[in-house]
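Engineer: A predicted structure for the sequence below; I have some questions about it.
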Amino acid sequence: MTAGRVATTRKARAPCNCGGLLYALRHRKIPLRFDAHFNEFHIIHPDGYMVIRFCPSCGARFPESRRDERLFLKISDTERGRIKRRFGRLRTYSAVVSTLGKPDVDNPSEHARKKERLLSYLGLSKQAFVQFAVGDDGKAQLRLLPKPKPRPRFKNPTSPHQG
């Protein structure tokens with residue numbers, strides 16, 4: 001195996017059914033909780049929590065989290081295609097800025113040992129933030145990020161301003 005690669009076993013791809021987490025959830029001394037809204041197991045620590053994706057007892061994976069579907073809009077295939085057709089030809093920083101103007105957000109970013117400049121346009125789609133990652137060489141790559149779902153509005157039963 002090459003350095004930096006993680007072995008994927010058949011067990012890691014199979015869902016967990018060992019019962020280890022159910023046992024741990026029943027014991028208050030183990031800092032663990034299940035969040036049914038997101039379908040996630042969390043290890044609790046003083047600064048918050050960490051999502052765990054694999055069973056520490058048997059190594060099998062947990063069911064998929066619902067975090068993305070609960071918090072973010074789904075970018076439809078139609079919208080994804082529309083954005084790629086309209087903006088996919090913009091391959092350099094100068095092409096992006098001359099076509100779309102100044103970005104709503106212009107952030108430098110360093111991740112994966114790679115420096116980028118992230119140009120984000122927030123109003124080009126109802127479902128997605130349109131983002132361009134620009135490298136040191138000035139080449140731009142189109143990225144789509146789903147927008148957050150609107151928070152539900154609850155009517156206040158005691159408010160005199162109900163419509």
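Structural biologist: That came through fine.
Engineer: need the contact list for the residue nearest in space to the middle of the chain.
Structural biologist: Using Cα atoms, centre = their mean, the residue of the chain that lies closest to the mean C-alpha position is Asp68, 6.2 Å off. Listed by Cβ atoms under 8 Å, 6 or more residues apart in numbering, the contact set of Asp68 reads Pro146. C-beta: built from backbone N, CA, C; applies to glycine.
Engineer: mind checking how far it is from Phe129?
Structural biologist: From Asp68 over to Phe129 the distance is 14 Å, taken as Cβ to Cβ, to the nearest Å.
Engineer: can you give me the strands for this protein?
Structural biologist: Listed in chain order, the strands of the chain (DSSP state E) span 32-35, 40-45, 48-52, 105-111, 114-121, 128-134, 140-146.
Engineer: Just checking: what are the partner strands of the shortest one?
Structural biologist: As defined by DSSP bridges, the strand partners of strand 32-35 come to strand 40-45 (antiparallel).
Engineer: Show me how the record splits this protein into domains.
Structural biologist: 10-70, 77-146 (automatic domain parsing).
Engineer: Tell me where the protein has helices.
Structural biologist: 10-13, 20-26, 67-71, 77-87, 93-100 (DSSP state H).
Engineer: so can I have JSON lines of these showing distance to Glu40?
Structural biologist: Shown next, in JSON lines, are the helices of the chain (distance: least, Cβ to Cβ, whole Å):
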{"stretch": "helix 10-13", "distance to Glu40": "17"}
{"stretch": "helix 20-26", "distance to Glu40": "11"}
{"stretch": "helix 67-71", "distance to Glu40": "7"}
{"stretch": "helix 77-87", "distance to Glu40": "26"}
{"stretch": "helix 93-100", "distance to Glu40": "36"}
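Engineer: out of these, nearest to Pro148?
Structural biologist: Comparison of these against Pro148 by Cβ to Cβ identifies helix 67-71 as nearest, at 6.1 Å.
Engineer: Nearest residue to Gly135 in space, please, no chain neighbours.
Structural biologist: For Gly135, ignoring the flanking residues on the chain, the nearest one in space by Cβ to Cβ, 6 or more residues apart in numbering is Glu116 at 6.0 Å.
Engineer: Just to check, the one you found is in contact with Asp137?
Structural biologist: No: judged on Cβ atoms under 8 Å, Glu116 makes no contact with Asp137 at a distance of 10.8 Å.
Engineer: Now do the buried residues in stretch 89-103.
Structural biologist: For stretch 89-103, the neighbour count (16 or more other Cβ atoms under 10 Å) marks Leu90, Tyr93, Ala95, Val96, Val97, Leu100, Pro103 as buried.
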